[in-house]
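J.: Next input, structure requested:
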Amino acid sequence: MAGIPKVAVLVGSLRKESFNRRMALALAEMARGTLDSHLIEIGALPLYNQDLDSAPPQPWTAFRDAVKACDALLFVTPEYNRSVPGVLKNALDIGSRPYGHSVWGGKPGAVISVSPGAIGGFGANHHLRQSLVFLDVPTLAQPEAYIGAAATLFDEHGRIANEGTRGFMQKFLDAYTAWIAVHRKATP
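T.: Take a look at the predicted model:
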């Protein structure tokens, strides 16, 4: 269990240039040497269907294995209709099944919502937290990260350009790293 924690990073937006993907990549760079971040793609996962549990599609198996191999979880999501995007909810469902074999349980997590709007994806952030409670993901409570005005956050290299936001995100990463240290279990 020693060493740098391996973090599964799940981005709730599929758009290549999404603000959430930019945030995830910027945070991975900021945390280099402290957290080993692995962006796990969720866009090609077939929709969850319990009928397929006995012979799961290969993308489900690869996804589950990738999450299992990680020590912690970081969710970076936009808000769609005051909730999480369907693609992220689908990933949560796939990882939670078959019953009794969830890949999420006990892994320390954190949630960041990023939005061009002023309230920074508050609804999505809290909807996601509801699912994480059920999935037994001990989720960082403070600092809360609702990042608004996303269109102004990044420079041409994808780094967080706003000094105040960068400082806040560093505090978030520091708190998340400490959270992982307290809640981290040995990866099987």
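J.: hey, let's count contacts and neighbours off CA atoms from now on
T.: Noted.
J.: Which helix in this protein has the most residues?
T.: The longest helix of the chain (DSSP state H) is helix 163-183.
J.: Flag every buried residue along that helix.
T.: For helix 163-183, the neighbour count (16 or more other CA atoms under 10 Å) marks 166, 169, 172, 173, 175, 176, 177, 179, 180, 183 as buried.
J.: Tell me the spacing between the most centrally placed residue in the chain and residue 68.
T.: For the chain, the residue sitting closest to the mean C-alpha position, by CA atoms, centre = their mean, is residue 75 at 1.5 Å. As judged by CA to CA, to the nearest Å, residue 75 and residue 68 stand 15 Å apart.
J.: before we move on, the earlier item: counting by contacts, list what the longest helix of the chain packs against.
T.: Counting contacts by 3 or more CA pairs under 8 Å, 6 or more residues apart in numbering; DSSP states H and E, helix 163-183 packs against helix 19-30.
J.: C-alpha coordinates for the host helix or strand of residue 75, PDB please?
T.: Under the criterion of DSSP states H and E, residue 75 resides in strand 72-77. Presented in PDB, the C-alpha positions along strand 72-77 are these (Å, rounded to 0.1, in the frame of the first residue of the first chain):
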ATOM      1  CA  ALA A  72      -9.000   6.400  -5.000                       C
ATOM      2  CA  LEU A  73     -11.600   8.200  -7.200                       C
ATOM      3  CA  LEU A  74     -11.900  11.700  -8.500                       C
ATOM      4  CA  PHE A  75     -15.000  12.700 -10.400                       C
ATOM      5  CA  VAL A  76     -15.000  15.900 -12.500                       C
ATOM      6  CA  THR A  77     -18.400  16.600 -14.000                       C
END
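J.: Parallel or antiparallel, list what pairs with it.
T.: Note on strand 72-77: by DSSP bridges, its sheet partners are strand 6-11 (parallel), strand 109-114 (parallel).
J.: right, so the ones you listed: which one is the most enclosed?
T.: strand 109-114 (a mean of 27; mean count of other CA atoms under 10 Å).
J.: list the buried ones in whichever helix or strand comes after it?
T.: Next helix or strand after strand 109-114 toward the C-terminus (DSSP H and E): helix 122-134. Residues of helix 122-134 classed as buried under the neighbour-count rule (16+ other CA under 10 Å) are 122, 123, 124, 125, 126, 128, 129, 132.
J.: any idea how far the third one is from residue 85?
T.: By that I understand residue 124. 8 Å.
J.: how close does the residue nearest to residue 135 when sequence neighbours are not counted get to residue 99?
T.: Closest residue in space to residue 135, ignoring its immediate chain neighbours: residue 105 at 5.8 Å, by CA to CA, 6 or more residues apart in numbering. Note on residue 105: its distance to residue 99, by CA to CA, is 12 Å.
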